[in-house]
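1. Have a look at this fold, sequence not included:
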């Protein structure tokens, strides 16, 4: 079945919220398409060499190391960085009839095709003034140069998918039926409601937000194929508030290939902050939470306390044990932790309890299942001294308030978010939206996450400005520091930070009072 046929079969299942037509990138001629590759990648579709001569030393680099977009951006505006002020190379700016006066006093008349080419191959402006040394001089064929100029003429109008004059379309991927269908429906309702509220108040820079809700399928492969077809047919600036549990790695690979930003996904496993450069997560994943527990295992005891990390071999637990071990090593090089990994199905509570006792371990980071924890606690309760035990809340399936009394305030759990994160203003806003749009009182955690994702995206749009593109959206999100959603911890991002709330709440089990109590300030930022 062709891609178009697959899309026609899918279309009836895709929910489009909004009344405007979805915007898509302008149709480009073959020359402009070739020029676009040169502009963004610094490589020739014709297979010819493109080289860049850089700086006073005239260093010769491949064009791919210095593509035009690296300084002038996807929109041609250019942004100051490190004392360098790239020119605004939008064609309407270059050919202004009254010419240009630059910040350094340099003056010249308007550009035309020939003078634009001279500026790139000789480094001079229309008045034969030398351009700033930071501007590379390019060596490329006449055909490639003609293609590049052809694209520069339409650069400012070549909008990213989903961006129109008065609309911006985003997509989400949600389970709308099946086992997790109710969760997905709740998340879609929140996304639709919040965007409707924004639209009713004028949108963002006059653009209404439209939501393309793509239904997940029974398998990750089928879900990604639906998403791929939907984006190809409809276009979307970004993927917002998607339910990505079980398909994170494949989804990120797909989104990276098309440079689609991922904003506020609902997941347990955030990807690598440096590799997944356009993915912006709300909460810390299990690895980061394990690192917070490792920090607490050192902080809560004496400087000489020994730490034992326990978990099953293979799968997700290997990464968790490595994360906890590396964090302990990072903070305490003099007392490296011990790792006790057992084969799946080979858990022996008596043997592990003896290891704890004989090794005089004061702190345990336990990454096994709830039933295994119960068995280990039963063995440890009669041994002295009773160690402190650190757990990931997501691995615990029932309350721990019924632990033996000897474990009172000696068991600790990490949570990525708690109800205490909801501010009075955030609670009021949530209740107002729930009342206005008739939200049921179910799936609260998923609804809060969807609301936070929608708010994060809208704030990224505001930071990006009217000249909207995927690059500008990413830059806008990167600029956020301490952003208050009202329903999550404060979110901060940056060029090398893609987890907004990079830490965890730590609580201890108060066995005497049958409750959980926050440890210290409650929230611990991962260092």
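-> Done, it's in. Computed from a predicted model, the values in this text were never measured in an experiment.

2. pLDDT of stretch 175-193, averaged?
-> In this model, stretch 175-193 has a mean pLDDT of 95.

3. just stretch 104-113 next, same as before
-> 90.

4. other SSEs contacting the longest strand anywhere in the chain?
-> Ranked by residue count and defined by DSSP state E, the top strand of the chain is strand 515-525. Packing contacts for strand 515-525, counted by 3 or more C-beta pairs under 8 Å, 6 or more residues apart in numbering; DSSP states H and E, involve helix 286-299, strand 503-510. For every residue, glycine as well, the C-beta is placed using N, CA and C.

5. in the stretch 351-500 of the chain, which spans are helices?
-> With helices called from DSSP state H, counting those that start in this stretch, the stretch 351-500 of the chain shows them at 370-380, 424-436, 444-464, 470-478.

6. which one of these has the most crowded surroundings?
-> Comparing those by mean neighbour count (mean count of other C-beta atoms under 10 Å), helix 444-464 ranks first with a mean of 23.

7. now that helix against helix 470-478, angle please.
-> 110 degrees (axes from the mean of the first three to the mean of the last three C-alpha atoms, to 10 degrees).

8. what about helix 444-464, average pLDDT?
-> 97.

9. Which stretches in the stretch 301-450 of the chain count as strands?
-> Using DSSP state E, counting those that start in this stretch, the strands of the stretch 301-450 of the chain run over residues 307-312, 338-342, 363-366, 388-392, 411-415.

10. Can you list the strands that the third one pairs with?
-> Neighbouring strands of strand 363-366 in its sheet, by DSSP bridges, are strand 307-312 (parallel), strand 388-392 (parallel).

11. is it possible to export those to TSV including distance to residue 216?
-> Below are the strands paired with strand 363-366 laid out as TSV (distance: least, C-beta to C-beta, whole Å):
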stretch	distance to residue 216
strand 307-312	29
strand 388-392	26
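
12. one step back: how about the helices of the stretch 351-500 of the chain in JSON lines, adding distance to residue 488?
-> As requested, the helices of the stretch 351-500 of the chain are exported to JSON lines (distance: least, C-beta to C-beta, whole Å):
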{"stretch": "helix 370-380", "distance to residue 488": "27"}
{"stretch": "helix 424-436", "distance to residue 488": "9"}
{"stretch": "helix 444-464", "distance to residue 488": "5"}
{"stretch": "helix 470-478", "distance to residue 488": "15"}
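
13. Show me what the closest residue to residue 489 other than its chain neighbours is bridged to.
-> Closest residue in space to residue 489, ignoring its immediate chain neighbours: residue 501 at 3.9 Å, by C-beta to C-beta, 6 or more residues apart in numbering. Applying DSSP bridges to residue 501 gives these bridge partners: residue 283.

14. just to revisit the earlier point, would you mind saying which of the strands paired with strand 363-366 lies nearest residue 31?
-> Of all those, it is strand 388-392 that lies closest to residue 31, at 55.3 Å by C-beta to C-beta.

15. quick one: that closest one to strand 503-510, angle?
-> Our comparison of strand 388-392 with strand 503-510, counting by the same axes, to 10 degrees, yields an angle of 130 degrees.

16. Renumber starting at 832 from here on
-> Sure, I'll start numbering at 832, so the last one becomes strand 1219-1223.

17. What ranges does the stretch 932-1081 of the chain have for its strands?
-> Using DSSP E, counting those that start in this stretch, strands in the stretch 932-1081 of the chain cover 938-939, 968-970, 998-1005, 1039-1046, 1070-1071.

18. which one of those strands lies closest to residue 883?
-> strand 968-970 (5.7 Å).

19. Tell me, how many residues neighbour the residue lying closest to residue 1351 once chain neighbours are set aside?
-> Computed as C-beta to C-beta, 6+ apart, the closest residue to residue 1351 that is not its neighbour in sequence is residue 1337, at 7.8 Å. For residue 1337, the count of nearby residues is 25 (other C-beta atoms under 10 Å).

20. what's the helix or strand containing residue 1111 in contact with?
-> Residue 1111 belongs to strand 1110-1114 when assigned by DSSP states H and E. Residues from elsewhere that reach strand 1110-1114 (C-beta atoms under 8 Å, 6 or more residues apart in numbering): 1083, 1086, 1092-1096, 1098, 1101-1102, 1247-1248, 1280, 1283-1284, 1287, 1291, 1308, 1319, 1322, 1324, 1329-1332.

21. What is the least confident helix or strand in this protein?
-> Lowest by mean pLDDT, DSSP states H and E among the helices and strands of the chain is helix 834-842, with a mean of 38.

22. can you list the weak-confidence ranges in the stretch 1082-1231 of the chain?
-> Residue ranges of the stretch 1082-1231 of the chain with pLDDT under 70: 1102-1108.

23. isn't residue 1303 right next to residue 1295, touching?
-> Yes. Assessed by C-beta atoms under 8 Å, residue 1303 is found in contact with residue 1295 at 4.0 Å.

24. Please name the nearest non-neighbouring residue to residue 1025.
-> Per C-beta to C-beta, 6+ apart, closest to residue 1025 is residue 1285, 4.1 Å.

25. cool, residue 1008 as well?
-> residue 1046 is the one closest to residue 1008 (C-beta to C-beta, 6+ apart), at 7.0 Å.

26. what about the one you found, distance to residue 1019?
-> Distance from residue 1046 to residue 1019, counting by C-beta to C-beta, to the nearest Å: 9 Å.

27. how does the protein divide into domains?
-> What automatic domain parsing lists as the domains of the chain is 832-856+991-1114+1253-1327, 861-988, 1118-1246+1336-1356.

28. hey, which of those domains is tucked in deepest?
-> When those are compared using mean count of other C-beta under 10 Å, domain 832-856+991-1114+1253-1327 is most buried, at a mean of 19.
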